[in-house]
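S.K.: Curious how this folds, go ahead:
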Amino acid sequence: MKKIMMLLLAAGLILFLTRSGAETVGGCWRIVAQDGTYLTDVAEEPEAGDQYISADNRLYEIVHVAGAEAVAEARGSVELPDVGWLDADAALPVSALTRRIALYCTHSDESYEPTDGYYTTTDRGSIYEVAQALAEGLSERGAETFLSDTLHHPHDAGAYRRSRQTAVQLLKSIPDCLLDIHRDGIPDPNSYAAELGGQPASKVRILVGRGNQNMEVNKEFALLVKAIADRVYPGLIKDIYMGRGTFNQDLLPRSILLECGTYTLEKERVLRSMDMMAEVIDRALYGGVTGSAGQMASDVTVQRDTQPGGVTIGQSDTVPAEAGEGKGVGSGLVWVGVVLIIGLIGYGVLSAGSLGGGMRKAGRNLSEMTGGLIGKKPAPGEDHRHS
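M.R.: Below is the predicted model of the structure:
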């Protein structure tokens, strides 16, 4: 019996490790409405249950994914928060207010091909320049910013597991908000190109992970950011996507992921948008606060973790499991593994509607659950454009 269980477990793992990827268009998936109307592209495989809020505040939910196309059903319009207070001439002064914002980059290789000459690098990607520009804009408005320079290479399923350690260390600064800065992997630069304030600039997409306990709070914060941007800088926020996973947003309410342009867009356009984005985030977090809390810019600096590849503020509090727990535990783990694999395959087939799609989905889920330790990882030289 033990040999049979081990064979089943091995067979399941082999299926995961040898699965093939879905056919995509330019490495992306296209989302369309039920009548075939094009809605948007995404650089990560969508899943039934994902939600999408368009630029005109219409809500869609993905109901079916087949190959490179996802079909989304309209769920009505989204009512953005009331931001009428933006029209007030001045807000009440607040003198005792600590304003802290933390930023980091999970995909530390991401760059902008037209400007940098490459879209990915084994060194520090230019996404850190974008994060730095946003941090400086927030600092100029009175926030104390904590920008981590820690690298999380490679760009694979384990990147979020590695960046989680960075995020946990940043939480020691007790931030009001946690921002993960990315650039998208959509090939078409026009999907992000915009004219804002008469200048060539870039749109920003907000991503919210629907797999965490803070999802509703993070969603409300994303909606507030969009509501303010729509009033102050119309066109700055491209849309909001609520996808599978957590994006480490379970660590803190008011955590969001920002897709700042795409890899085929000039970096200068993205940098130009960061000051506008800083104003929007500042207003979303602190309203129209004035007084000494709004006059801290000359007294603060952007604090940076400058050791590549390591967290400098401390180490993870993870405690290793005890070794040698006994044969009973080992055989129990085998059974758990077999049941887990069978369950993942069954769920994947049911939700994808085909054996091939089910295997891909099950394999992807296993890779995410193990932080990239099990499952297909990109080999050196493979496409790392995707966020």
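S.K.: can I assume Gly49 is in contact with Val65?
M.R.: No. If you go by C-beta atoms under 8 Å, Gly49 and Val65 don't touch, sitting 10.3 Å apart. C-beta coordinates here come from the backbone N, C-alpha and C atoms, glycine included.
S.K.: Pick out whichever of the two has more residues nearby.
M.R.: Legend: neighbour count by other C-beta atoms under 10 Å for Gly49 and Val65, higher for Val65 (23 against 14).
S.K.: so that one sits in a helix?
M.R.: No. Assessed with DSSP: H, G, I helix; E, B strand; the rest coil, Val65 is strand; it does not lie in a helix.
S.K.: Tell me how far it lies from Cys105.
M.R.: If you measure Val65 against Cys105 using C-beta to C-beta, to the nearest Å, the figure is 28 Å.
S.K.: same check, this time on Gly245
M.R.: Distance from Gly245 to Cys105, counting by C-beta to C-beta: 17 Å.
S.K.: Just confirm Asp239 is within a strand.
M.R.: Yes. Asp239 forms part of a strand when assessed by three-state DSSP.
S.K.: What about it, how many residues nearby?
M.R.: Asp239, neighbours per other C-beta under 10 Å, totals 20.
S.K.: surely it meets Asp41?
M.R.: No. Assessed by C-beta under 8 Å, Asp239 is found out of contact with Asp41, at 10.9 Å.
S.K.: Check Pro380 and give its pLDDT.
M.R.: What the model reports as pLDDT for Pro380 is 40.
S.K.: burial count for Gly76?
M.R.: So Gly76, with other C-beta under 10 Å, has 9 neighbours.
S.K.: pretty sure Ala201 contacts Ser273?
M.R.: Yes. At 4.5 Å, Ala201 counts as touching Ser273 under the criterion of C-beta under 8 Å.
S.K.: Find residues that contact each of the two.
M.R.: 194, 236 (C-beta atoms under 8 Å, 6 or more residues apart in numbering).
S.K.: Can you show me the strands along the stretch 151-300 of the chain?
M.R.: Applying DSSP state E, counting those that start in this stretch to the stretch 151-300 of the chain gives strands spanning 177-184, 193-196, 199-202, 204-209, 237-243, 255-262.
S.K.: hang on, the earlier thing: more crowded one of Gly245 and Cys105?
M.R.: Set Gly245 next to Cys105 and count neighbours by other C-beta under 10 Å: Cys105 wins out with 27 against 16.
S.K.: okay, the more buried one: pLDDT?
M.R.: 98.
S.K.: so it touches Ser126, yeah?
M.R.: No. With contact defined as C-beta under 8 Å, Cys105 does not count as touching Ser126 (10.3 Å).
S.K.: May I have the secondary structure class of Glu47?
M.R.: coil.
S.K.: ok, now how distant is Ser108 from Ile256?
M.R.: 18 Å.
S.K.: Apologies, that question was intended for Val280.
M.R.: 12 Å.
S.K.: and for the two, which residues touch both?
M.R.: Listed as contacting both Val280 and Ile256 by C-beta under 8 Å, 6+ apart are Val225.
S.K.: Distance check, Trp85 against Gly158.
M.R.: In terms of C-beta to C-beta, Trp85 sits 43 Å off from Gly158.
S.K.: of these two, who's got more company?
M.R.: Between Trp85 and Gly158, counting by other C-beta under 10 Å, Gly158 is the more crowded of the two (19 against 10).
S.K.: Contact partners for Tyr263?
M.R.: When contacts are counted by C-beta under 8 Å, 6+ apart, Tyr263 touches 110-113, 119, 183-185, 385.
S.K.: Give me the phi and psi angles of it.
M.R.: In terms of degrees, to the nearest 10, the main-chain angles of Tyr263 are phi -70, psi -20.
S.K.: number of nearby residues for Thr98?
M.R.: Number of residues near Thr98 (other C-beta under 10 Å) recorded here: 11.
S.K.: Am I right that it is in a strand?
M.R.: No. Per three-state DSSP, Thr98 lies outside any strand segment and is coil.
S.K.: now it: how far from Leu134?
M.R.: Per C-beta to C-beta, Thr98 is found 20 Å from Leu134.
S.K.: Which stretches in this protein count as helices?
M.R.: 2-17, 113-116, 127-140, 159-170, 215-232, 267-286, 327-352, 355-369 (DSSP state H).
S.K.: Confidence-wise, which of the ones you listed is weakest overall?
M.R.: Among the helices of the chain, helix 2-17 scores lowest, at a mean of 46.
S.K.: quick one, what contacts the closest residue to Ala74 other than its chain neighbours?
M.R.: The spatially closest residue to Ala74, leaving aside those adjacent along the chain, is Tyr60, at 5.8 Å (C-beta to C-beta, 6 or more residues apart in numbering). Applying C-beta under 8 Å, 6+ apart, we find Tyr60 in contact with 31, 33, 39, 51-54, 72-75.
S.K.: Apply 10 Å and report the result again.
M.R.: For Tyr60, the contact set (C-beta atoms under 10 Å, 6 or more residues apart in numbering) comprises 31-34, 39-40, 50-54, 70-76.
S.K.: any idea how far Glu73 is from the residue nearest to Val71 when sequence neighbours are not counted?
M.R.: Setting aside the residues directly before and after it, Val71 is nearest to His64 in space (C-beta to C-beta, 6+ apart), at 4.5 Å. Separation of His64 from Glu73 (C-beta to C-beta): 9 Å.
S.K.: Check Leu258 too.
M.R.: Leu258 sits 27 Å away from Glu73, taking C-beta to C-beta as the criterion.
S.K.: Between these two, which has more neighbouring residues?
M.R.: Per other C-beta under 10 Å, whichever of Leu258 and Glu73 has more neighbours is Leu258, with 23 against 12.
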